[in-house]
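> could you look at this predicted model? Sequence included:
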Amino acid sequence: MPGGRLTQQERQQIALGLADGLAYAEIARRLDRPTSTVTREVMRNGGPTGYRADAAQRATGHRAQRRHQPAAAPRDPQAAPEQPYGRDAAEVRAYEETFTGVLMASGMNRMSAQVLGCLLLSDAEGVTAAELVQRLRVSPASVSKAVAFLEEQGLVRRERDERRRDRYFVDADVWYESTMASARANTRLAETARQGVGVLRAGTPAAARLENVARFLDFISESITRAAEQARDILHVQPPERSPGGE
């Protein structure tokens, strides 16, 4: 099995495999490489939707140059904190960027995606607004606006700590809460559409259109609610008890 760094040609094959919808394991098999090598390569360079062979090749060259540079100056107090649990800081940072990009592709604005990503990927129980400002290097107003949007979506909640600071949390069942909020929004829309059937007179083209909207959303809301409740009961994983310095 070949070792060492991926070549430009191998990176092009990875990009082609991703474009064809191949799984990491299949791409790795074709390259005669470990699946973990392909997974790490993709996640460090834009993720499955943003991976570009040329950009990945350049990024690898830049990282190699940094490793051969003289010792760096004293640590910038605003730089990203060292990672616990033996994590690779560069790899974590690359994954944060990938995760943010995926959230944005789903329709979320960049600031909200960055805040949600920061909260989801933090080991802390809660993060203050000041910590988010420092971590993301943005204005307090930007964080406040993003958090307000995320709260509306059921993705984030806030509490006041003993020092009367707002502390933001992403609960273990965050996607359940968000899904339920979406289901409730669909239900309200279905009810509104059904009201329009009476206003526009049943049997007319416009009323028939609204009736179809209401029926569809009713069915989707009921299905989503049932699936979300089942998933929360079955799929919830409890994180292990580990010290910050653990392996």
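Arrived safely, thanks for sending.
> isn't there a strand covering G203?
No - membership of G203 in a strand is not supported by DSSP: H, G, I helix; E, B strand; the rest coil, which gives coil.
> quick one: it from D218, how far?
For G203, the distance to D218 under the criterion CB to CB, to the nearest Å works out to 20 Å. (Each C-beta comes from the backbone N, C-alpha and C, glycine too.)
> higher neighbour count, the two?
Neighbours per residue (other CB atoms under 10 Å) separate G203 from D218, with D218 holding more: 17 against 9.
> for the more buried one, which non-adjacent residue is closest in space?
Nearest non-adjacent residue to D218, counting by CB to CB, 6 or more residues apart in numbering: A190, 4.9 Å away.
> which SSE is the one you found in?
Under the criterion of DSSP states H and E, A190 resides in helix 174-200.
> can you tell me the centre-most residue of the protein?
F99 (4.1 Å; CA atoms, centre = their mean).
> now for it: which residues touch it?
Shown here is F99, whose contacts under the criterion CB atoms under 8 Å, 6 or more residues apart in numbering are G47, G117, L120, L121.
> enumerate every residue touching S144.
Under the criterion of CB under 8 Å, 6+ apart, the contact list for S144 reads A129.
> report the buried residues of the helix holding A190.
Residues of helix 174-200 classed as buried: 174-180, 182-183, 186-187, 190, 193-194, 197, 200 (neighbour count, 16 or more other CB atoms under 10 Å).
> ok, then the element right after it?
helix 205-235.
> packing partners for that following helix?
Secondary structure elements in contact with helix 205-235, counted by 3 or more CB pairs under 8 Å, 6 or more residues apart in numbering; DSSP states H and E, are helix 174-200.
> tell me what angle the helix it packs on forms with helix 205-235.
Our comparison of helix 174-200 with helix 205-235, counting by axes from the mean of the first three to the mean of the last three CA atoms, to 10 degrees, yields an angle of 160 degrees.
> who are the packing partners of helix 174-200?
Under the contact rule (3+ CB pairs under 8 Å, 6+ apart), helix 174-200 is packed against helix 205-235.
> list the buried residues for the helix it packs on?
Residues of helix 205-235 classed as buried under the neighbour-count rule (16+ other CB under 10 Å) are A207, L210, E211, V213, A214, L217, D218, S221, T225, A228, R232.
> redo these as CSV? Include pLDDT and distance to Y85.
Putting those into CSV (pLDDT from 0 to 100; distance: CB to CB, whole Å) gives the following:
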residue, pLDDT, distance to Y85
A207, 95, 59
L210, 96, 53
E211, 95, 54
V213, 96, 48
A214, 95, 49
L217, 95, 43
D218, 95, 45
S221, 93, 40
T225, 93, 36
A228, 90, 30
R232, 83, 27
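> adding distance to A113, write those residues out as a markdown table.
Rendered in a markdown table, the data for these read as follows (distance: CB to CB, whole Å):
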| residue | distance to A113 |
| --- | --- |
| A207 | 39 |
| L210 | 33 |
| E211 | 36 |
| V213 | 29 |
| A214 | 32 |
| L217 | 26 |
| D218 | 31 |
| S221 | 26 |
| T225 | 26 |
| A228 | 22 |
| R232 | 24 |
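> pull up the pairing partners for whichever helix or strand R158 is part of, direction included.
R158 is part of strand 157-160, with elements assigned from DSSP H and E. In the sheet, strand 157-160 lines up against strand 166-169 (antiparallel) (DSSP bridges).
> quick check: closest non-adjacent residue to T39.
Spatial nearest neighbour of T39, excluding adjacent residues (CB to CB, 6+ apart): Y24 at 5.0 Å.
> which ones are touching the one you found?
T35, V38, T39, V42.
> which two among the buried residues of helix 205-235 are spaced furthest apart?
Taking CB to CB, the two most distant members of the buried residues of helix 205-235 are A207 and R232; they sit 37.4 Å apart.
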